[in-house]
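**Q** Have a look at this prediction, sequence included:
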Amino acid sequence: LNKHSTATQIVVISNEPIFKLHGEKLMDHFNSKQKMLPIFVPDSENAKSFDQVQTLYTKLLENKIERSALILAFGGGVIGDLAGFIAATYLRGVSFAQIPTTFLAQVDSSIGGKVGINHPLGKNLIGAFKQPLFVLGDTKLLGSLPDAEIRCGLGEVIKYGLVLNKTLFEYLDKNLEKALNKDPHVLLNLVKVSSEEKAKVVAKDEQEKDLRMVLNFGHTFGHALEADFKFGQLKHGEAVILGMKCAFQYALNNKLVSVEEYNRSIALLNRIPILFNGKDLNLNTLIHRMTIDKKVKDGNIRLVLPDGIGNYRFQFAENFTELEKAFKILAD
Ligand SMILES: NC(=O)c1ccc[n+]([C@@H]2O[C@H](COP(=O)([O-])OP(=O)(O)OC[C@H]3O[C@@H](n4cnc5c(N)ncnc54)[C@H](O)[C@@H]3O)[C@@H](O)[C@H]2O)c1
Ligand SMILES: [Zn+2]
């Protein structure tokens, strides 16, 4: 932290609950010559809004924050996305770094440089690519995190295992309960391996022209479910877990995975408890949602599917019946 944050003005964007828990320890790392400006935003997805962006610009200008400053995101994915968007646009861009404090942010959102805010018409529609100077993932910060947030991060970690890294899959198979119980050694290993996996993909395809789409595994089905259950009822990570089950069902129906690979993967996903009643699903609405997802190209739904365990393939959905059959795994 000391080595890489040498700016004389450091703006820490966080929220009050997180800062109360861990802020003091963070501030101890800087020297007395550095001007520190902590700014707190509301603790909710609504912080990723135009109103909040405007408020932050005003605070930075009033405090005479210059182009040489460092903006440090200290929080979960919401803070990282918002702070990064500010860093990408304030005075046409200032340095940016991330200290992610949720498991999801450490394994996923803090890496890769996608930053942005929501529009009333949809999530994450306004944004930029802004690579951080560094990401400091300290798993000690996760001690205070609610269990549900660990489950959400695990959704993304299992994703890397299922389509990119079979060794990670095997490790999860052995250690999933330890991860759910926040075993520090297991969490550290998962953050390390996951951030490396994501960084490798992003380094090859920063702007999501092709390969980066692999990170959407489970998300095309998952986003449709997430929207169906409205913000808050089903968390993103939980929706991704359900979405990966659908993707595996689709893959089995199309003989991309063996019955054994299917059974092992579904069994792993089933070990993460999710409160969800699949009997209430409306297949027509779900399929419609999939067709309007922002990743759809020329009306074709491009799926990321497993090709065995630890590999992926991209494939266009042949017809809606195949998609419906995939969703049906959730009703069993
Ligand atoms: N940029 C990307 O590539 C990318 C990828 C995935 C998700 N996202 C975005 O990330 C956001 C979700 O991020 P998230 O899951 O981290 O949720 P979040 O940022 O809302 O944090 C979840 C909750 O945990 C609390 N919290 C954070 N750290 C804590 C700690 N150490 N101890 C106790 N409580 C703590 C937060 O205050 C919040 O209430 C979404 O807006 C999503 O769009 C972005
Ligand atoms: Zn995700």
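**A** Now that the structure is in, tell me what you want to look at. Ligands and ions are numbered 1, 2, ... in the order given.
**Q** Let's verify Asn118: helix, strand, or coil?
**A** strand (DSSP: H, G, I helix; E, B strand; the rest coil).
**Q** which ones are touching it?
**A** Glu45, Lys48, Ser49, Asn124, Leu125, Ile126 (CB atoms under 8 Å, 6 or more residues apart in numbering). Where you see a C-beta, it was placed from the backbone N, CA and C, and this is true even at glycine.
**Q** Those residues: which ones sit near ligand 1?
**A** Glu45, Lys48, Asn124 (CB under 6 Å from any ligand atom).
**Q** where's the last one, which helix or strand?
**A** Assigned by DSSP states H and E, Asn124 falls within strand 122-129.
**Q** If you count neighbours, what's buried in that strand?
**A** Lys123, Gly127 (16 or more other CB atoms under 10 Å).
**Q** In terms of secondary structure, what does that strand contact?
**A** helix 77-89, strand 114-119 (3 or more CB pairs under 8 Å, 6 or more residues apart in numbering; DSSP states H and E).
**Q** possible to save the contacts of Asn118 as TSV with distance to Ile117 and pLDDT?
**A** Formatted as TSV, these follow (distance: CB to CB, whole Å; pLDDT from 0 to 100):
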residue	distance to Ile117	pLDDT
Glu45	10	92
Lys48	4	97
Ser49	6	97
Asn124	8	90
Leu125	8	90
Ile126	5	96
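**Q** Between the residues you listed, which sits nearest Glu177?
**A** Glu45 (29.3 Å; CB to CB).
**Q** Look at the closest one and say how many residues are nearby.
**A** Glu45 is flanked by 15 other residues according to other CB atoms under 10 Å.
**Q** so what's it closest to, chain neighbours aside?
**A** Val78 (5.9 Å; CB to CB, 6 or more residues apart in numbering).
**Q** swap in Leu104?
**A** Using CB to CB, 6+ apart, the nearest residue to Leu104 is Gly153, at 4.1 Å.
**Q** which SSE is the one you found in?
**A** Assigned by DSSP H and E, Gly153 falls in helix 147-163.
**Q** Against ligand 1 - does that helix have any residue that ends up touching it?
**A** Yes: under the criterion of CB under 6 Å from any ligand atom, ligand 1 is reached by helix 147-163 at Glu149, Cys152.
**Q** Run the angle between that helix and helix 77-89 for me.
**A** Put simply, helix 147-163 runs at 70 degrees to helix 77-89, going by axes from the mean of the first three to the mean of the last three CA atoms, to 10 degrees.
**Q** If we go by neighbour counts, what in helix 147-163 is buried?
**A** 149-163.
**Q** okay, now Gln249: neighbour count?
**A** Neighbour number of Gln249 under other CB under 10 Å is 22.
**Q** And Lys64, by the same measure?
**A** 10.
**Q** so what strands line up beside the strand holding Asn124?
**A** strand 114-119 (antiparallel) (DSSP bridges).
**Q** Now do the same for the strand it pairs with: mean pLDDT, whole number.
**A** For strand 114-119, mean pLDDT rounds to 96.
**Q** anything in that strand near ligand 1?
**A** Yes: Strand 114-119 is in contact with ligand 1 by CB under 6 Å from any ligand atom, via Lys114.
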